[in-house]
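K.L.:
Here is a sequence together with a model predicted from it:
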Amino acid sequence: MNTAFQNKHVVVTGASSGIGFDAVSRFLAEGAKVTACYNSAPRELTTLKDSYPERLNVVKVDVRNESEVALLFTEANTVFGRVDITVANAGIAFHEGVAVHEMSIEQWQKTLSVNLTGVFLCAKHFFANLKKYPGDDASLVFVGSTAGEIGQALFCDYSTSKAGLRGLLMTLKNEIIHLAVRGRVNLVNPGWTITPMTEGELSDKAMVSRIMQTIPLRKVATPSDITHAILYLSSDKLAGHVSGQTITVAGGMEGRVLFSSDEVEEYMQ
């Protein structure tokens, strides 16, 4: 299927592993030019650049820092021209659950500064970039979480940060069209997905069993499951009349227990 990414310029944050890295790989495979952003370490991005030296630019960016985000878009334009698509994927989560009455203000602020303020800053400077470099088409995709829809006990900082993306989405879809007449903003909410962020929880077989008892498809997602939705929403050809929408990629999970532990055992082999 033609995704029409040939020569499109995509910025992906949180690109060094998991969903972000998979998205970078697939955009490149579809012919896009990609500015891939990391914060702590470039990891596999260095190897990937060897395969796509003319179409991949790797940049260190702390999405909490507005000056770094602004510079990201300035430099991205210099390397590959106008940024057509931005995938705001960078996010963090503390691995140990903490009840709200025991959570430190430092943890709360750190999570929201990356997961919500960081997305706001990426949106702000992507939109400023669209004003500076006019064009009819543009796409902004947020990567949220089912925690933002149904909550997650002991992780109120994370669930709140992801829930906030919905309000940002519903506002910015009405703003982007004043900068790009066919500009679109959408949200992908992954459920449980095999990434470095979740490897601790998903290494616990009992935990995986409990998770799968709530998922009709009885499968924990892979990064590519999420990336397929990201690429669809990013494509002006495939999703050109889709804006303000949330696609949940969680195997039908809704929080209810649907299966006994025996009924999911065969899917965990």
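P.N.:
Arrived safely, thanks for sending.

K.L.:
so where do the strands sit in the stretch 101-250 of the chain?
P.N.:
Using DSSP state E, counting those that start in this stretch, the strands assigned to the stretch 101-250 of the chain run over residues 137-143, 182-190, 246-249.

K.L.:
which stretch among these comes nearest E106?
P.N.:
Smallest distance to E106 across these (Cβ to Cβ): 24.3 Å, for strand 137-143. (Glycine included, C-beta is placed from N, CA and C.)

K.L.:
buried ones in the closest one?
P.N.:
Across strand 137-143, burial judged by 16 or more other Cβ atoms under 10 Å covers 137-143.

K.L.:
quick one: strands adjacent to it?
P.N.:
strand 85-88 (parallel), strand 182-190 (parallel) (DSSP bridges).

K.L.:
tell me the most buried of the ones you listed?
P.N.:
With neighbours defined as mean count of other Cβ atoms under 10 Å, these peak in mean count at strand 85-88, which reaches a mean of 28.

K.L.:
what's next to that one, contact-wise?
P.N.:
With contact meaning Cβ atoms under 8 Å, 6 or more residues apart in numbering, strand 85-88 is reached by 8-13, 20, 23, 32, 118-119, 122-123, 126, 138-143, 230, 234.

K.L.:
at 6 Å what do you get?
P.N.:
10-13, 23, 119, 122, 126, 139-142, 230, 234 (Cβ atoms under 6 Å, 6 or more residues apart in numbering).

K.L.:
Now find how far off-centre it is within its chain.
P.N.:
The chain centre lies 8 Å from the centre of strand 85-88; the measure is Cα atoms, centre = their mean, to the nearest Å.

K.L.:
Quick check: bridge partners of K60?
P.N.:
Y38.

K.L.:
Pull the most distant pair out of the buried residues of strand 137-143.
P.N.:
D137 and V143 (20.6 Å).

K.L.:
neighbouring contacts of the helix-or-strand element of the chain with minimal mean pLDDT?
P.N.:
Sorted by mean pLDDT, DSSP states H and E, the helices and strands of the chain end with helix 199-202, the least confident at a mean of 74. The contact list for helix 199-202 (Cβ under 6 Å, 6+ apart) reads 95, 207-208.

K.L.:
gap between the closest residue to I211 other than its chain neighbours and L233?
P.N.:
Closest residue to I211 apart from its sequence neighbours, by Cβ to Cβ, 6 or more residues apart in numbering: W192 at 5.2 Å. Counting by Cβ to Cβ, to the nearest Å, the gap from W192 to L233 is 21 Å.

K.L.:
More neighbours: which of these two?
P.N.:
Higher neighbour count among W192 and L233: L233, with 25 against 22, using other Cβ atoms under 10 Å.

K.L.:
how close does the more buried one get to N115?
P.N.:
19 Å.

K.L.:
Over to V249?
P.N.:
Taken as Cβ to Cβ, the span from V249 to N115 is 18 Å.

K.L.:
So between these two, which is more surrounded?
P.N.:
Regarding V249 and N115, a neighbour count based on other Cβ under 10 Å identifies N115 as having more, with 27 against 19.

K.L.:
so where do the helices sit in the protein?
P.N.:
Residue ranges of the helices in the chain, as given by DSSP state H, are 18-29, 45-51, 66-80, 105-112, 118-132, 147-150, 156-175, 199-202, 205-212, 223-234, 261-265.

K.L.:
about what we covered before: just send the contacts of strand 85-88 back as JSON lines, with distance to N77 and pLDDT too.
P.N.:
Below are the contacts of strand 85-88 laid out as JSON lines (distance: Cβ to Cβ, whole Å; pLDDT from 0 to 100):
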{"residue": "V10", "distance to N77": "13", "pLDDT": "99"}
{"residue": "V11", "distance to N77": "10", "pLDDT": "99"}
{"residue": "V12", "distance to N77": "16", "pLDDT": "98"}
{"residue": "T13", "distance to N77": "16", "pLDDT": "98"}
{"residue": "A23", "distance to N77": "20", "pLDDT": "98"}
{"residue": "V119", "distance to N77": "20", "pLDDT": "98"}
{"residue": "C122", "distance to N77": "15", "pLDDT": "98"}
{"residue": "F126", "distance to N77": "11", "pLDDT": "98"}
{"residue": "S139", "distance to N77": "17", "pLDDT": "98"}
{"residue": "L140", "distance to N77": "16", "pLDDT": "99"}
{"residue": "V141", "distance to N77": "19", "pLDDT": "99"}
{"residue": "F142", "distance to N77": "22", "pLDDT": "99"}
{"residue": "I230", "distance to N77": "22", "pLDDT": "98"}
{"residue": "S234", "distance to N77": "18", "pLDDT": "98"}
